[in-house]
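Enquirer: could you look at this predicted model? Sequence included:
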Amino acid sequence: MSFPAERPRRLRRTEAIRRLVRETELNPGDLIQPLFAVPGKGVRREIPSLVGQFHLSPDELAKEAKRIATAGVPGVILFGLPERKDETGSEAYKGTGVVQRAIKAIKDAVPGLLVITDVCLCEYTSHGHCGVVKNGNVDNDATLELLAKTAVSHVRAGADMVAPSDMMDGRVGAIRRALDETGYSETVILSYTVKYASAFYGPFREAAGSTPQFGDRRGYQMDVANSDEALREAALDIAEGADILMVKPALPCLDIISRVKREFHRPTAAYQVSGEYAMLEAAAERGSLERQRAILETLTAIKRAGADFILTYYATEATEKML
Ligand code: PBG
């Protein structure tokens with residue numbers, strides 16, 4: 001009689017056995033919550049393109065931060081919607097800017113919660129591009145100085161980590177230098193190392209009012225078709241002083257997360273972006289899939305691919321109710 005020499009099903013028979021041999025574990029400490037800061041007081045407005053997420057004024061952010069910390073989430077990443085936009089995004093690096101005020105409010109309320117800030121100009125520029133526009137083109141080197149100023153002003157306000165998301169060449173180095181020169185050599189740089197020109201940022205751009213007013217971001221964000229280029233970006237970021245490498249979006253880039261992790265053995269993060277969230281929410285809303293299981297499956301898959309931690313709009317809910 002012939003029989004299979006190997007029977008993988010033996011190890012799948014009960015939950016107790018499955019737990020023993022499980023290779024990937026999603027932990028409460030693995031998820032970072034993105035938050036949107038807006039000016040004002042007592043503002044808590046649901047974001048139409050990201051139902052379940054809110055525009056929050058600094059005082060409301062402080063309350064939210066307490067809830068997030070109590071749930072066991074280790075940190076947040078902040079985005080800001082300024083009062084005014086201009087050509088050079090000057091509210092991004094103003095000491096009293098909305099993100100700077102939000103950082104202070106959160107740190108006063110919950111000093112132990114990690115505050116990461118997104119460093120970019122697109123939410124602050126009138127044209128919606130991630131840098132300074134000269135002759136219809138985003139000028140790389142003129143942008144670096146403003147990004148460095150933005151990062152320093154965030155850290156001055158109390159940020160623990162800065163996360164440049166603009167994709168200008170040399171920005172990690174420029175930010176590292178500026179931080180070191182101002183006495184912040186211990187501040188971590190979480191670099192959006194591999195950031196694709198993805199269709200999955202749509203709901204975020206609506207939420208942040210950062211859709212480019214002309215053209216698109218393909219002149220600075222990466223071509224979705226490229227993978228070797230991701231490794232070149234990672235090598236550059238490491239050379240410039242990035243502490244953590246991030247890949248974005250997450251689910252469409254599991255191969256990239258895996259390659260970056262295997263090649264460089266560095267702390268690696270992934271960003272489950274707004275379009276991924278919107279896609280899951282829409283499908284769950286229609287009853288096409290089981291919401292909680294689908295959320296956990298995507299997060300587990302992102303970790304299995306090699307991410308050490310994940311930025312996700314599900315961070316608080318998942319940590320509170322699912323893990
Ligand atoms: C800013 C920035 C974006 C996201 C994070 N930082 C938008 C973009 O590049 O257009 C996207 C986040 C999301 O979609 O959830 N440059």
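Expert: Arrived safely. Numbers count the residues shown, from 1 in each chain.

Enquirer: pull up the residues of the stretch 51-200 of the chain that are close to the ligand.
Expert: Asp118, Cys120, Cys122, Cys130, Ser165 (C-beta under 6 Å from any ligand atom). Quick note: C-beta positions are derived from backbone N, CA and C, even for glycine.

Enquirer: now do the last one, the pLDDT please.
Expert: Put plainly, it is Ser165. We note a pLDDT of 97 for Ser165 in this prediction.

Enquirer: ok, and the closest non-adjacent residue to it?
Expert: Tyr192 (4.2 Å; C-beta to C-beta, 6 or more residues apart in numbering).

Enquirer: before we move on, the earlier item: pick out the most distant pair among the residues of the stretch 51-200 of the chain next to the ligand.
Expert: Asp118 and Cys130 (10.7 Å; C-beta to C-beta).

Enquirer: name the residues contacting each of these two.
Expert: Ser165 (C-beta atoms under 8 Å, 6 or more residues apart in numbering).

Enquirer: quick one: which of the two has more around it?
Expert: Cys130 (26 against 23; other C-beta atoms under 10 Å).

Enquirer: the more buried one sits in which helix or strand?
Expert: According to DSSP states H and E, Cys130 maps onto no helix or strand at all.

Enquirer: what's the pLDDT at it?
Expert: Confidence for Cys130, expressed as pLDDT, is 96.

Enquirer: got it, and Ile244?
Expert: So, for Ile244, pLDDT stands at 98.

Enquirer: quick check, it in contact with Phe264.
Expert: No. With contact defined as C-beta atoms under 8 Å, Ile244 does not count as touching Phe264 (11.1 Å).

Enquirer: how much space separates Leu31 from Gly275?
Expert: Leu31 is 18 Å from Gly275, where distance means C-beta to C-beta, to the nearest Å.

Enquirer: and the helices in the stretch 151-300 of the chain?
Expert: For the stretch 151-300 of the chain, applying DSSP state H, counting those that start in this stretch gives helices covering 171-181, 202-208, 228-240, 254-264, 274-285, 291-305.

Enquirer: need the residues that contact the fourth one.
Expert: Counting by C-beta under 8 Å, 6+ apart, helix 254-264 makes contact with 193-194, 227, 230-231, 234-235, 238, 245, 247, 250, 266, 268, 270, 301-302, 305-307, all of which sit outside it.

Enquirer: could you pick out the buried ones from the residues you listed?
Expert: 193-194, 230-231, 234, 238, 245, 247, 250, 266, 268, 270, 302, 305-307 (16 or more other C-beta atoms under 10 Å).

Enquirer: which members of the residues you listed are the farthest-apart pair?
Expert: Pairwise over the buried ones among the contacts of helix 254-264, using C-beta to C-beta, the maximum falls at Ile238 and Ile302, 21.4 Å.

Enquirer: okay, now the residue of the stretch 1-150 of the chain at minimum distance from the ligand: neighbour count?
Expert: Using C-beta to the nearest ligand atom, the single residue of the stretch 1-150 of the chain nearest to the ligand is Cys120, 3.9 Å away. By other C-beta under 10 Å, the residues close to Cys120 number 28.

Enquirer: and the closest residue to Ser198 other than its chain neighbours, what's its pLDDT?
Expert: Closest residue to Ser198 apart from its sequence neighbours, by C-beta to C-beta, 6+ apart: Pro249 at 5.1 Å. Confidence at Pro249, expressed as pLDDT, is 98.

Enquirer: contacting residues around Pro249?
Expert: Pro249 neighbours (C-beta under 8 Å, 6+ apart): Tyr196, Ser198, Phe200, Tyr201, Tyr271, Gln272, Val273, Gly275, Glu276.

Enquirer: so how far is Gly241 from the residue nearest to Ser165?
Expert: 15 Å.

Enquirer: okay, these two: which has more neighbours?
Expert: Neighbours per residue, other C-beta under 10 Å: of Tyr192 and Gly241, the larger number sits with Tyr192, 26 against 15.

Enquirer: give me the residue from the stretch 101-250 of the chain nearest the ligand.
Expert: Phe204 (3.2 Å).

Enquirer: burial count for that residue?
Expert: 24.

Enquirer: how about the contacts made by it?
Expert: Here Phe204 is in contact with Ser49, Leu50, Ser210, Val273, Ser274, Gly275 (C-beta under 8 Å, 6+ apart).

Enquirer: of the residues you listed, grab the buried ones for ChimeraX.
Expert: This is how ChimeraX selects the buried members of the contacts of Phe204, with burial counted by 16+ other C-beta under 10 Å:
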select :49,50,210,273,274,275
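
Enquirer: which of the contacts of Phe204 sit farthest apart?
Expert: Longest span within the contacts of Phe204, C-beta to C-beta: Ser210 and Gly275, 14.2 Å.

Enquirer: so which residues of the stretch 51-200 of the chain form strands?
Expert: Using DSSP state E, counting those that start in this stretch, the strands found in the stretch 51-200 of the chain span residues 75-80, 114-119, 132-134, 137-139, 161-164, 188-195.
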